[in-house]
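Okay, here's the prediction I keep looking at, along with the sequence it came from:
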2 protein chains.
Amino acid sequence: MPESPPRKRLRQSQFEQREAAILDATNRLLAGRGYDAMSMDDIAAEVGIAKGSLYKHFESKEALAAAVMVRLLTQTEAALSGLPQQTSAIDQLKALLRWTLHQRLAGGVPHLPSTSPALQQALFASRSYMDQLTRLSDQIGAVILQARAHGSLHAHLRDEFVLYTLYARTCDPTLDFLKAGGSMDDEAIVEQIVAGCFHGLAA
Amino acid sequence: MPESPPRKRLRQSQFEQREAAILDATNRLLAGRGYDAMSMDDIAAEVGIAKGSLYKHFESKEALAAAVMVRLLTQTEAALSGLPQQTSAIDQLKALLRWTLHQRLAGGVPHLPSTSPALQQALFASRSYMDQLTRLSDQIGAVILQARAHGSLHAHLRDEFVLYTLYARTCDPTLDFLKAGGSMDDEAIVEQIVAGCFHGLAA
DNA sequence: GTCTATACTGAGATAGAC
DNA sequence: GTCTATCTCAGTATAGAC
């Protein structure tokens, strides 16, 4: 690829910076109020631009939300790939869950759009979202198969159940209630959830 | 209390029947589309009455949804109380979870309104809902303490974590995904979730 | 108490000047 | 590309006749 002239590079960079700012603002509002309660006016105000300008970047509220979710899935894939090579399969799954829980506690969006049927429908209709979700699920699925081969997972639990359960823990309201309770710090919350997920409630 | 005259009894009965029909219709729509996507027009159409008439029974959409949720919590309390006397504490918790999962598979509403921040806010502001939720939570909490005394729960998991986890499993999207997958029947889905919840993913 | 008709509001999306 | 102003529509809630 030939290098772009400096002027154009600069302009493009500003455009991309603003787009990132829009995604960040949407991410905050999405995590805070949820998809339905978040209006395009709110997003514009949060970014500090006019509402009309949003539509020069994203053609609809749905497309904007989908872009946020695609970015999150991409980051999650990178986090999984970035784990130390020697990590065992089951520990990779635990580490992945820990990473997503910390993301949420830091104000992130749940991986599953289960808080809004409207959003869920929009995402499932989005090509880019479904592609990225498939990529990530394939990668996690491979780790699950490894863990299975090592005998690290309960034999009577299906692979699909394990995969869905990991996704579901990322949007588990238990996290919000514990956080709201205020009697545990973030680290303790994450460890309770990871322990509960992998070892269960029963002794 | 003195007995009402027959005429009045009849009229009251009709009124209550209609009210029950409204609650049933709302329950269906709530479970199907979720709170935000469900309009008062939809409810009226589902019941077969005019929208204006709804407001003679419930003063707002929020109050109507709260009434549905209170009914569900009351039924849940009854289900817990109705378990055989000799059931052990841990088995009572498992039975309760099974009951709620079967309710959802039969088209019921999740116990936690985590699918809509708007609904959640409305419910937490509702006196009757919070009262009933407290009653039920106290009752479940007592069973958790029994199970704890028997050493049936992991020692490092907090009581509040156990309680929230049980509530959270009733709105777990894993159930919806497994149901949508179509490769498992209802009984198998329930057993995977109960096993996963109490015994964890790890072998 | 039930109906039809309507007021009012919030929000997604667009138009047109600069 | 960004702004202000506006269109359009859905949805909650209410008014008024019967």
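Nice, thanks for sending it over.

contacts, neighbours, all on C-alpha from now
Fine.

what residues are up against the residue positioned nearest the centre of chain A?
With distances taken as C-alpha atoms, centre = their mean, the residue of chain A nearest its centroid is residue A:111 (3.7 Å). With contact set as C-alpha atoms under 8 Å, 6 or more residues apart in numbering or on different chains, residue A:111 has these partners: A:69, A:72-73, A:167, A:170-171.

rerun that using 6 Å as the cut-off
residue A:170 (C-alpha atoms under 6 Å, 6 or more residues apart in numbering or on different chains).

again, but for residue A:130
Here residue A:130 is in contact with no residue (C-alpha under 6 Å, 6+ apart).

ditto for residue A:68
Listed by C-alpha under 6 Å, 6+ apart, the contact set of residue A:68 reads residue A:23.

how about the helix or strand harbouring it: buried residues?
For residue A:68, the host element (DSSP states H and E) is helix A:61-81. Neighbour counts over helix A:61-81 (16 or more other C-alpha atoms under 10 Å in any protein chain shown) mark A:61-70, A:72-73, A:76-77, A:80 as buried.

Let me know whether that helix sits next to DNA strand C.
Yes - judged by C-alpha under 7 Å from any atom of the strand, helix A:61-81 comes into contact with DNA strand C at A:61-62.

Does chain B have contacts with the helix or strand following that helix?
Proceeding N to C from helix A:61-81, the next assigned helix or strand is helix A:89-105, under DSSP H and E. No - figure legend: helix A:89-105 not in contact with chain B (C-alpha under 6 Å from any C-alpha of the partner chain); closest approach 7.9 Å.

for helix A:89-105, what is the average pLDDT?
Averaging pLDDT along helix A:89-105 gives 98.

and it with helix A:61-81, angle?
140 degrees (axes from the mean of the first three to the mean of the last three C-alpha atoms, to 10 degrees).

Could I get the buried residue list for the worst-scoring helix or strand of chain A on mean pLDDT?
Using mean pLDDT, DSSP states H and E, helix A:6-32 stands out as the lowest-scoring helix or strand of chain A, at a mean of 85. Using 16+ other C-alpha under 10 Å as the test for burial, helix A:6-32 gives A:19, A:22-31.

and the angle from the helix or strand where residue A:167 lies to helix B:159-169?
Per DSSP H and E, residue A:167 falls inside helix A:159-169. For helix A:159-169 against helix B:159-169, the angle by the same axes, to 10 degrees is 120 degrees.

what residues does helix A:159-169 touch?
Contacts of helix A:159-169 (C-alpha under 6 Å, 6+ apart): residue B:174.

neighbouring contacts of the helix or strand following it?
Tracing the chain past helix A:159-169, the next element assigned as helix or strand by DSSP H and E is helix A:173-181. Residues external to helix A:173-181 that are found in contact with it (C-alpha under 6 Å, 6+ apart): B:164-165.

Any residues of chain A in contact with chain B? List them.
Looking at chain B, the residues of chain A close enough under C-alpha under 6 Å from any C-alpha are A:115-116, A:152-154, A:164-165, A:174, A:197-203.

Distance of residue A:152 relative to residue A:191?
19 Å (C-alpha to C-alpha, to the nearest Å).

So for the two, which sits in the more crowded spot?
Using other C-alpha atoms under 10 Å in any protein chain shown as the criterion, residue A:152 and residue A:191 rank with residue A:152 on top: 18 against 14.

Run through the residues of chain A sitting next to DNA strand D.
Going by C-alpha under 7 Å from any atom of the strand, the residues of chain A near DNA strand D are A:15, A:18, A:48-54, A:56-57.

The spatially closest residue to residue A:140 that is not a sequence neighbour - how many residues pack around it?
Nearest non-adjacent residue to residue A:140, counting by C-alpha to C-alpha, 6 or more residues apart in numbering or on different chains: residue A:163, 7.4 Å away. When neighbours are defined as other C-alpha under 10 Å, residue A:163 has 17 of them.

what does residue A:84 give?
9.

cool, and the one 5 residues further on?
Using other C-alpha under 10 Å as the criterion, residue A:89 is surrounded by 20 other residues.

Could you check how far it is from residue A:168?
19 Å.

Repeat that for residue A:81.
Taking C-alpha to C-alpha, one finds residue A:81 at 21 Å from residue A:168.

interface residues of chain A facing DNA strand C?
Counting by C-alpha under 7 Å from any atom of the strand, chain A sits next to DNA strand C at A:36-41, A:51-52, A:55, A:59-62.

Restricted to helices, list those.
Judged by DSSP state H, the subset of these located in helices is A:40-41, A:51-52, A:55, A:61-62.

Report pLDDT for residue A:59.
For residue A:59, pLDDT reads 96.

okay, now it: neighbour count?
Residue A:59, neighbours per other C-alpha under 10 Å, totals 10.

Then residue A:109?
By other C-alpha under 10 Å, neighbour count at residue A:109 equals 24.
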